[in-house]
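Enquirer: Return atomic coordinates for the entry below.
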Amino acid sequence: MAEKRPDQLPAITGMSDTDIFIIQKNISDPDVSSRTVGQIAKGDLGFLPTTGGSITGPLGLSGNVTVAGDIVPAISGGANLGAPTKPFATGFFTSGTIELGDVCLKAGSHGLIIENGHGIGGTVSGSTGYFQQLYVEGQRIEPQEQNIVYNIPSGAATSSIVFGQIYDTPPFIVGSFHLSATATNFYALNVSNVTTSGCTLIYSSDINETGNAVHLLVKDL
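Expert: Model (predicted):
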């Protein structure tokens, strides 16, 4: 009798959910002593391959599929999970990790953690714990930070500074006073009235020279 593919076999009736259907190969070859490839239970898809047994697809399944072990491709990088036109809807994971090449995604106490080193720690784009570049909906998110160099006019007691952008909240400001080479006085600097769009610089005394400047680092924390 010629061998038949599974889709060529007649329907099997009269089996109970506990019956086992034995799958064999080379049934017409009398010299083959080991024929059994595996077995399938009628109640569910419980294919149990013997040593060296396998199923050659494509294999279409309907309903839920429960596995008790790992799902591993036969060749590294040779199989996909889903397809561009047939992606999975939602993936559910516990506290494990998702490995994307040399990048590891995992959950942390403050949200998503991205690391190198297959979940054992590492860096992201060369900066531990920080994004070097972050894109949201295709737009690169730039840090709200700027450096301002303000040349102080002679005779000034205060100066009003306008930031180059509007911040969501009043930013953090660090200032330093740079004296000119001909300065004969020392001045202290105070930053006051900080808003989302500017601040006021107050000097310890009126500026008597030209060429003095204030350098400001403005940063949204």
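
Enquirer: Cys178: what's it in contact with?
Expert: Quick fix: residue 178 reads His, not Cys. Applying CB atoms under 8 Å, 6 or more residues apart in numbering to His178 gives the contacts 212-215. All C-beta spots, glycine's among them, are computed from the backbone N, C-alpha and C.

Enquirer: Highest neighbour count among the residues you listed?
Expert: Neighbour counts for those (other CB atoms under 10 Å) peak at Asn212, which has 22 neighbours.

Enquirer: what residues are up against that residue?
Expert: 151-152, 177-180, 183, 187.

Enquirer: next one: Ile161
Expert: 148, 150, 198-201, 216.

Enquirer: before we move on, the earlier item: closest to Ile114 among the contacts of Asn212?
Expert: Using CB to CB, His178 comes nearest to Ile114 of the contacts of Asn212, at 39.7 Å.

Enquirer: Residues in a beta bridge with the closest one, which ones?
Expert: Ala213 (DSSP bridges).

Enquirer: and it, how far is that from Cys104?
Expert: Distance, His178 to Cys104, using CB to CB, to the nearest Å: 45 Å.

Enquirer: Now render the contacts of Ile161 as a markdown table, adding pLDDT and neighbour count.
Expert: Listed next are the contacts of Ile161 as a markdown table, based on pLDDT from 0 to 100; neighbours: other CB atoms under 10 Å:
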| residue | pLDDT | neighbour count |
| --- | --- | --- |
| Ile148 | 94 | 16 |
| Tyr150 | 95 | 15 |
| Gly198 | 95 | 14 |
| Cys199 | 96 | 22 |
| Thr200 | 97 | 14 |
| Leu201 | 96 | 22 |
| Leu216 | 95 | 20 |
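
Enquirer: Restricted to strands, list these.
Expert: The strands in this structure, assigned by DSSP state E, contain 148, 150, 198-201, 216 from the contacts of Ile161.

Enquirer: hang on, the earlier thing: turn the contacts of His178 into CSV, columns for distance to Ile75 and pLDDT.
Expert: Listed next are the contacts of His178 as CSV, based on distance: CB to CB, whole Å; pLDDT from 0 to 100:
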residue, distance to Ile75, pLDDT
Asn212, 70, 94
Ala213, 64, 95
Val214, 64, 96
His215, 59, 95
